[in-house]
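In: Return a 3D structure for these sequence lines:
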Amino acid sequence: METFMINLVNRLRVTQFLLTIIITTLLYSPTWPFSAAAASTTTQLELLKGFKATPDPSTTPFQALLQDSSNNFAFGFLRTNETLLTVAVIHLPSYEPLWVANPTRFAQWSDTTQLSFNGSLVLSDPRSKVFWSTGTQGDRVVLLNSSNLQIIQSLGGESATQSALWQSFDFPTNTLVENQNLTDKMALVSSNGKYSMRLGEDFWGLYAAFRQGSDKNYYKHTAMEVKAQIVKGKGPIYAQINSDGYLGMYQLGTRPPVDILPFTSFQRRVNGLLRLRLEPDGNLKGYYWDGSNWVLNYQAISEPCELPSPCGSYGFCKPGSGCSCLDNRTDFNSGQCFRGVSAGDFCGDDVTEKNFWVLRREGVELPYKELMSYKTTSSLEQCESLCERSCSCWGAVYSNGSGFCYTLDYPIQTLLSVGDQSKMGYFKVRISPRRHRVGVLFRAMIGVLTGIVAVLVGFIGFVVYKKWMKRRGQKRFLEEGTGGASPGPYKDLGSASFRSLEMCSR
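Out: Residues are numbered from 1 along each chain as shown. Reported below is the predicted structural model:
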């Protein structure tokens with residue numbers, strides 16, 4: 001009996017232990033069934049061939065798939081506009097995107113969208129096919145502590161070396177992080193696609209895409225060449241953020257830098273990450289991470305009115321006073337000074353239709369005129385004539401003091417407000433297509449009505465003329481029958497007097 005009780009107690013203990021394991025497993029295990037695809041959606045330190053992942057509908061705004069060893073950066077699905085996604089590298093403490101795979105084409109945040117790696121990273125959908133691909137034949141994907149995403153190929157041999165076939169640092173979007181090179185083959189592009197940062201032979205510049213096919217340079221920083229000279233033919237220059245707190249320009253294969261542009265943290269070591277971003281307003285700004293916030297470290301343009309278009313099309317910016325509209329009548333608070341303004345030019349339009357009107361304004365200046373070409377004219381009228389005769393010209397700004405005439409070959413952007421009334425502007429304002437069609441239809445209706453009235457007037461005149469001619473003919477006939485005398489009163493041929501006259505004549 002005693003042995004039976006001992007065995008029973010032992011069995012109860014084993015049963016209790018098994019129940020504990022089962023309950024713990026049910027409480028802390030994932031609710032989805034285990035599979036290779038499901039397991040791959042967890043954050044990893046590398047992605048191997050065969051990796052596949054789909055976005056989790058409950059995740060917002062970022063779903064991490066790969067992270068670096070320091071846990072500062074992650075690569076994964078980035079949600080945008082609630083229903084769309086792309087793949088991106090983010091700074092984990094701030095969730096700030098540092099690199100985006102394809103900022104111009106997005107996939108749907110749905111279980112049909114898939115990121116896979118089979119030598120090449122591919123973002124695809126069975127219905128829309130491939131959204132983005134690296135086009136490589138690598139062995140694995142890693143994310144470095146610098147935030148650089150790389151596809152690695154292992155090389156055979158005793159040394160077992162590795163080579164980076166592809167890296168995100170070669171395809172920057174709107175951000176440059178420290179120790180990342182920006183070469184003359186690359187560009188930073190703002191998230192709205194309107195502005196870009198590019199390198200020249202001895203400078204870097206900011207450009208605005210005001211007109212398709214032609215970018216306007218609105219900011220330029222030329223290398224000072226204090227510590228080193230640029231040698232022609234030795235190679236192009238590149239830019240890099242140095243950990244000491246400056247943006248340097250270098251010529252390939254040479255040190256020290258040919259230019260140093262200091263940030264506010266220059267020679268003051270900061271522990272957080274340094275980055276440079278081209279903002280949606282066209283300004284270039286530098287930041288550093290202080291452990292809890294991004295601190296402004298540098299900005300290329302400090303005065304808001306000096307930005308390429310702070311008040312939008314046909315805006316008027318006065319330092320310290322904000323924005324208004326060039327026509328001085330439209331309320332800027334409506335959000336748009338003129339509706340129907342489009343890109344392009346007037347070269348494809350019928351100039352006889354006059355589908356634009358002219359706006360003139362005194363006290364105006366271009367915010368970046370030192371980077372624009374000009375012609376010297378003797379008068380405002382001559383300057384205006386240059387623009388009026390050119391179908392590619394949208395406007396002109398003239399200085400009466402210098403005679404400089406700046407013509408604008410792109411849709412009018414924000415102008416500066418200045419106190420000098422001798423600086424005058426001439427601007428073409430395109431009539432909206434709808435309004436233009438209404439005007440054309442109205443003129444056509446007026447033409448038709450005018451034609452109808454002319455026909456009616458002609459017909460009435462013809463009828464009146466016919467009646468007048470008929471009456472005139474009757475009158476002439478009567479005058480000819482009486483020898484030209486008046487026919488007088490009617491005579492009764494049967495009267496006695498008429499018979500007496502007849503007898504006498506016999």
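
In: only C-alpha atoms for contact and neighbour calcs from this point on.
Out: Noted.

In: in the sheet, who's paired with Gly322?
Out: Beta-bridge partners for Gly322, by DSSP bridges, are Lys318.

In: For Arg268, see how far away it is.
Out: Remark: distance between Gly322 and Arg268 (C-alpha to C-alpha, to the nearest Å) = 35 Å.

In: same deal with Ser58?
Out: When distance is defined by C-alpha to C-alpha, Ser58 is 43 Å away from Arg268.

In: cool, and Asp56?
Out: Separation of Asp56 from Arg268 (C-alpha to C-alpha): 43 Å.

In: How about Lys318?
Out: On the measure of C-alpha to C-alpha, Lys318 and Arg268 end up 36 Å apart.

In: who's more crowded, the two?
Out: Between Lys318 and Arg268, counting by other C-alpha atoms under 10 Å, Lys318 is the more crowded of the two (16 against 11).

In: is it true that that one touches Val418?
Out: Yes - in terms of C-alpha atoms under 8 Å, Lys318 counts as a neighbour of Val418; the distance is 7.4 Å.

In: So, low pLDDT: which residues of the stretch 101-250 of the chain?
Out: Low-confidence segments of the stretch 101-250 of the chain, defined by pLDDT under 70, are located at 156-160.

In: what do you get for the stretch 301-450 of the chain?
Out: Low-confidence segments of the stretch 301-450 of the chain (pLDDT under 70): 334-335, 340-344, 348-354, 432-450.

In: hey, where'd the helices end up in it?
Out: Listed from the start of the chain, the stretch 301-450 of the chain has helices (DSSP state H, counting those that start in this stretch) covering 380-388, 433-481.

In: which residues are in contact with the shortest one?
Out: Spelled out, that is helix 380-388. Helix 380-388 is touched from outside by Thr377, Cys393, Trp394, Gly395, Ala396, Tyr398, Asn400, Cys405, Thr407, Met424, Tyr426, with contacts defined as C-alpha atoms under 8 Å, 6 or more residues apart in numbering.

In: List just the nearest of those to Pro126.
Out: Looking at those and their distance to Pro126, the nearest is Trp394, at 45.8 Å (C-alpha to C-alpha).

In: Show me the chain divided up by domain.
Out: With automatic domain parsing serving as the domain definition, the record reports that the chain contains domains spanning 37-169, 172-302, 306-431.

In: mind putting those in CSV, distance to Ile452 included?
Out: Shown next, in CSV, are these (distance: least, C-alpha to C-alpha, whole Å):
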stretch, distance to Ile452
domain 37-169, 55
domain 172-302, 46
domain 306-431, 24
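
In: To Lys467, which of the ones you listed lies closest?
Out: Sorting the domains of the chain by C-alpha to C-alpha, the top spot, which is the nearest, belongs to domain 306-431 at 44.4 Å.

In: ends of stretch 227-246, how far apart?
Out: In terms of C-alpha to C-alpha, the two terminal residues of stretch 227-246 are separated by 14 Å.

In: correction: stretch 417-426
Out: End-to-end distance for stretch 417-426: 14 Å, by C-alpha to C-alpha.

In: Buried residues in it, which are they?
Out: Neighbour-count burial for stretch 417-426, with 16 or more other C-alpha atoms under 10 Å as criterion, is recorded at Ser417, Val418, Ser422, Lys423, Met424, Gly425, Tyr426.

In: give the contact list for the fifth one.
Out: To tie it back to what came earlier, the one meant is Met424. Arg360, Arg361, Glu362, Gly363, Val364, Glu365, Leu380, Val397, Tyr398, Ser399, Asn400.

In: Closest to Leu85 out of these?
Out: Comparing every one of the contacts of Met424 with Leu85 (C-alpha to C-alpha), the shortest separation belongs to Glu365, at 42.1 Å.

In: Contact partners for that closest one?
Out: Contacts here follow C-alpha under 8 Å, 6+ apart; on that basis Glu365 touches Val397, Leu415, Leu416, Ser417, Val418, Lys423, Met424.

In: out of those residues, who's nearest Thr113?
Out: Taking C-alpha to C-alpha as the measure, Leu415 is the one of the contacts of Glu365 closest to Thr113, at 45.3 Å.

In: Could you list everything the closest one pairs with in the sheet?
Out: Taking DSSP bridges, one finds Phe316 as the beta-bridge partners of Leu415.

In: do Thr86 as well
Out: Each beta-bridge partner of Thr86 is listed here, defined by DSSP bridges: Leu78.

In: which of the buried residues of stretch 417-426 sit farthest apart?
Out: Val418 and Tyr426 (15.5 Å).

In: With adjacent residues omitted, what lies nearest to Phe62?
Out: The shortest distance from Phe62 to any residue other than its chain neighbours is 4.7 Å, reached at Leu78 (C-alpha to C-alpha, 6 or more residues apart in numbering).

In: what about Ser265, how many neighbours?
Out: Residue neighbour count, defined by other C-alpha under 10 Å, stands at 18 for Ser265.

In: Hmm, it is touching Ser243, no?
Out: No - Ser265 is beyond contact range of Ser243, at 9.7 Å (criterion: C-alpha under 8 Å).

In: sorry, back to before: pull out the buried residues from the contacts of Met424.
Out: Looking at the contacts of Met424 with 16+ other C-alpha under 10 Å, the buried ones turn out to be Arg361, Glu362, Gly363, Val364, Glu365, Leu380, Val397, Tyr398, Ser399, Asn400.

In: Now tabulate the residues you listed in TSV and tack on distance to Pro103.
Out: Rendered in TSV, the data for the buried ones among the contacts of Met424 read as follows (distance: C-alpha to C-alpha, whole Å):
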residue	distance to Pro103
Arg361	39
Glu362	41
Gly363	40
Val364	36
Glu365	34
Leu380	44
Val397	36
Tyr398	40
Ser399	42
Asn400	45
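
In: circling back: out of the contacts of Met424, the closest to Leu307 would be?
Out: Minimum separation from Leu307 among the contacts of Met424 (C-alpha to C-alpha) is found for Glu365, which lies at 13.0 Å.
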